[in-house]
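Engineer: build me a structure from this.
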Amino acid sequence: MSKYHPKLKTPFCGKLGIEYPIIQTGMGWVSTSKLTAATSAAGAIGFLATATQTFDEMKNAVREIKELTDRPFGINVRTDSPDIDERLTWAIQQGIKVVSFAQAPSPEMVKKLSDNGVITIPTIAARRHAEKVAEWGVDAVIAQGMEGGGHTGEVPTAVLVPQVTKAVDIPVFAAGGITDGRGLVAALAWGAEGIAMGTRFLLSQESEVPESIKQAYFNAGVTDTVRTRSVDGVPQRVINSQMVKALERNRILKFPTAVRNALKFRNTTDTSIPDLLKEAISMKKNQDMTWAQVSLAANAPMLTKATMVDGNTEIGIMPTGVGLGVIASGPPVEEIIQGIMTDASACLLALTEDTGA
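Structural biologist: Below you'll find the predicted structure:
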């Protein structure tokens, strides 16, 4: 029997094959094989970020995770990747338990995965998006409020999650500014079956983000983030660093910078120039973006790599949720997860005792 409150063992835990209703999200350049394996081994579920990996790097990372743990884990994929069909086919063959998505999946992707027994969990930022993907047959959604890090929507977590849990009859995981056990209890009260966190795991011992960058996160407060379009034309939450302030001021410099970064990202991910152009045309058509916005969209991967991999805050950005201001240390993943579960159990117990339930 679990030592934690029985309400914390939600039904979808059984479907995922995990002990605790906690998801470590697939953060580009951050959610490596080491972090993913540590999360899954600790009883939650980790997602490998494959959007910034070549196909061969993705294969090697999956093999590394399997060597480190026999617990279920997932992969987060870039749905507009030119080789996405091959990646999904390989994931199915490898027995990957669950797939999440860096952008909205197509109905065909959902069907292919579901037909082969793979659980699908897209991230959504609006009730209508949850309703749409639920119609396509996804197994669950991560509802991320505007407090979340990286690309995020318009609706606060405390409003979005109850909206979504009322609108769809599939499991919902709450995300956006959640860092502790009280956040897990709040998510359950909103009707969710668990939580998804990025920043909390970014600031863990197993995270391979440079220590200087982690310290910059620890030094920041809850009011030190900004939700900006200046990085890639799409709203995303980052630490309001000097680099971000410069991007906000010098809009005329963005287009050439984005073009240079597009070429760098092409080299990093083995994307050919024809495929890059094909992707750009698709983004413009399907996401109703201008050519300037399409060019700006190349900024995010390389600017994030500059900090998360290279440790350079002068030319990089630091995606984050607002919860960074209450995170004071970076202990091992297992300690983070056990702490969340212990606090959530105590919170639930206190609530039931106070009400006489």
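Engineer: what pLDDT is listed against Q103?
Structural biologist: In this prediction, Q103 carries a pLDDT score of 84.
Engineer: and the closest residue to it other than its chain neighbours, how close does it get to F73?
Structural biologist: Ranked by CB to CB, 6 or more residues apart in numbering and with sequence neighbours excluded, the top spatial neighbour of Q103 is T79, at 4.7 Å. Where C-beta positions appear, they are placed from N, C-alpha and C, glycine not excepted. Relative to F73, T79 is positioned 19 Å away (CB to CB, to the nearest Å).
Engineer: between the two, which has more neighbouring residues?
Structural biologist: Between T79 and F73, counting by other CB atoms under 10 Å, F73 is the more crowded of the two (27 against 17).
Engineer: quick check: the more buried one touching G43?
Structural biologist: No - at 12.0 Å, F73 does not count as touching G43 under the criterion of CB atoms under 8 Å.
Engineer: quick check: domain ranges of the chain?
Structural biologist: Domain ranges of the chain: 6-210+325-355, 221-319, per automatic domain parsing.
Engineer: most tightly packed of those?
Structural biologist: domain 6-210+325-355 (a mean of 20; mean count of other CB atoms under 10 Å).
Engineer: avg pLDDT for the host helix or strand of S40?
Structural biologist: Using DSSP states H and E, S40 maps to helix 33-41. Average pLDDT, helix 33-41: 98.
Engineer: what is it packed up against?
Structural biologist: strand 22-24, strand 45-49, helix 55-68, helix 333-355 (3 or more CB pairs under 8 Å, 6 or more residues apart in numbering; DSSP states H and E).
Engineer: turn the ones you listed into CSV, including mean pLDDT and distance to R128.
Structural biologist: Compiled in CSV, the helices and strands packed on helix 33-41 are given as follows (pLDDT from 0 to 100; distance: least, CB to CB, whole Å):
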stretch, mean pLDDT, distance to R128
strand 22-24, 98, 22
strand 45-49, 98, 24
helix 55-68, 98, 31
helix 333-355, 93, 30
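Engineer: ok, which of those comes nearest A104?
Structural biologist: strand 45-49 (16.5 Å; CB to CB).
Engineer: could you export the closest one as PDB, CA atoms only?
Structural biologist: The C-alpha trace of strand 45-49 is given here as PDB (Å, rounded to 0.1, in the frame of the first residue of the first chain):
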ATOM      1  CA  ILE A  45       7.000   9.900 -16.000                       C
ATOM      2  CA  GLY A  46       9.600  11.700 -17.900                       C
ATOM      3  CA  PHE A  47       9.500  12.900 -21.500                       C
ATOM      4  CA  LEU A  48      12.600  13.000 -23.800                       C
ATOM      5  CA  ALA A  49      12.700  16.200 -25.800                       C
END
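Engineer: now the angle from that strand to helix 33-41?
Structural biologist: Here strand 45-49 points in a direction 160 degrees away from that of helix 33-41 (axes from the mean of the first three to the mean of the last three CA atoms, to 10 degrees).
Engineer: which residues are contacting strand 45-49?
Structural biologist: 16, 18, 22-33, 35-40, 58, 61-62, 65, 71-76, 97-98, 100, 201 (CB atoms under 8 Å, 6 or more residues apart in numbering).
Engineer: can you check stretch 83-95 too?
Structural biologist: With CB under 8 Å, 6+ apart, stretch 83-95 has contacts from 50, 55, 58-59, 62, 75, 77-78, 81, 99, 109, 112-113, 116, 118.
Engineer: rerun at 10 Å
Structural biologist: Here stretch 83-95 makes contact (CB atoms under 10 Å, 6 or more residues apart in numbering) with 50, 53-55, 58-59, 62-63, 66, 72, 74-75, 77-79, 81, 96-99, 101, 105-106, 108-109, 112-113, 115-118, 269-271, 275.
Engineer: now do it, average pLDDT.
Structural biologist: The model assigns stretch 83-95 a mean pLDDT of 97.
Engineer: how far does it sit from the chain's center?
Structural biologist: Distance, stretch centre to chain centre, for stretch 83-95: 20 Å (CA atoms, centre = their mean, to the nearest Å).
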